[in-house]
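**Q** Model the structure of this input:
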Amino acid sequence: MTDRCPDAYVELAHGLADAAGEIVRGFFRRPCAVSVKPDSTPVTEADRAAEWAMRTIIEEAAPDHGIAGEEFGTVRGDAEYVWHLDPIDGTKAFIAGVPVFGTLIGLARDGRPVFGVIDQAVSGERWAGGGGHPCTLNGGRASCRGGVDLADAVLFTTSPDAYRDGDLDALDRLRGVVGLTRYGADCYAFGLVASGHADIAIECGVNDYDYCALVPVVESAGGAMTNWEGAPVMLGTDTRVVAAGDAELHRAAVSLLGG
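**A** This is a model prediction of the structure:
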């Protein structure tokens, strides 16, 4: 990451996570209205309430910044700084009462992710980093583990059901050679990569608000994160991403994903 993220924006990001987390905890494993969006994915009143709270704070603290959220769309999308918000990444896990979802808060400058927060409000785990700030987990330094061979690597992806045709073939090539494959962790898996418990995390069919926060967190922890072609992630264009604990492992994963 080359852009320095101002300290005031880092503080704002943590304030957004605090506000969303309080709402998410209040709904977790309690009665919560669920509906289905036009893309056939579920959304809960917790998703909407958490995003609205974050948007309200941004409008008051940084009214010249853009906001792009999963539930309420985009305003000022051409601003220099744009906040990309996913109030509950892993809504299905949230509905099922499994605490491996997370609130994603990503700040982009001129279309490039510069700072990110992955907040798991129930377990009390918060990864943050990027833009000249080291990756932290609950305030302490977090680092990827390097030097892991592909055959020993721990791979995460949310679900093989999200993969079709060539993408599924690519997943099969990768999970056929790694040491262990696990499913269902959504953004939480990228936090595990950033803190050295997992080695590779991949996704396909994702949106800007799904990965804007993840890129700076992984990179500031010493890892590598790109699209499946190995190029820098570009907001608005990429829907397939791969993160790994170090550059060598990342190159090996990209080679397999590309066939």
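**Q** So Glu219 versus Phe115, what's the distance?
**A** According to CB to CB, to the nearest Å, Glu219 stands 11 Å off from Phe115. Every residue, glycine included, has its C-beta placed from N, CA and C.
**Q** Quick check: can you list the domain ranges of the chain?
**A** 7-141, 150-257 (automatic domain parsing).
**Q** Adding mean pLDDT, write the ones you listed out as JSON lines.
**A** Compiled in JSON lines, the domains of the chain are given as follows (pLDDT from 0 to 100):
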{"stretch": "domain 7-141", "mean pLDDT": "97"}
{"stretch": "domain 150-257", "mean pLDDT": "96"}
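**Q** is it possible to export those to a markdown table including mean neighbour count?
**A** Shown next, in a markdown table, are the domains of the chain (neighbours: other CB atoms under 10 Å):
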| stretch | mean neighbour count |
| --- | --- |
| domain 7-141 | 19 |
| domain 150-257 | 20 |
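**Q** For Glu219 and Phe115, list the residues in contact with both.
**A** Common contacts of Glu219 and Phe115, defined by CB atoms under 8 Å, 6 or more residues apart in numbering, comprise 129-130.
**Q** backbone phi and psi for the residue nearest the centre of the chain, please?
**A** Centre of the chain computed as the mean C-alpha position; nearest residue by CA atoms, centre = their mean is Leu214, 3.8 Å away. Dihedral angles of Leu214 (phi, psi; degrees, to the nearest 10) stand at phi -70, psi -40.
**Q** and what of the one 4 residues further on?
**A** Main-chain torsions, Val218, degrees, to the nearest 10: phi -60, psi -50.
**Q** Which of the helices or strands spans Leu155?
**A** Counting by DSSP states H and E, the element that carries Leu155 is strand 154-157.
**Q** partners of that strand in the sheet?
**A** In the sheet, strand 154-157 lines up against strand 180-183 (parallel), strand 200-204 (parallel) (DSSP bridges).
**Q** who's in contact with the last one?
**A** Right, the one you point to is strand 200-204. Residues beyond strand 200-204 that count as contacts (CB under 8 Å, 6+ apart) turn out to be 153-158, 162-163, 167, 171, 174, 178, 189-190, 192-193, 210-211, 228, 239-245, 249-250, 253, 257.
**Q** now, which of these lie within strands?
**A** Among the contacts of strand 200-204, the members found in strands (DSSP state E) are 154-157, 240-244.
**Q** ok, Val100 to Leu85 distance?
**A** From Val100 to Leu85 the distance is 19 Å (CB to CB).
**Q** For the residue in the chain sticking out farthest from the centre, give me phi and psi.
**A** If you look at how far each residue of the chain sits from its centre, by CA atoms, centre = their mean, the farthest one is Pro31, at 26.2 Å. Note on Pro31: its backbone torsions stand at phi -50, psi 130 [degrees, to the nearest 10].
**Q** For the residue nearest to the centre of the chain, give me its contacts.
**A** Per CB under 8 Å, 6+ apart, neighbours of Leu214: 104, 106, 116, 118, 187, 190, 225, 241, 243.
**Q** Using the three-state scheme, assign the fourth one.
**A** Three-state assignment for Ile118 (DSSP: H, G, I helix; E, B strand; the rest coil): strand.
**Q** Tell me how far it lies from Glu22.
**A** 17 Å.
**Q** Next: the first one.
**A** Spatial separation of Leu104 from Glu22 under the definition CB to CB is 17 Å.
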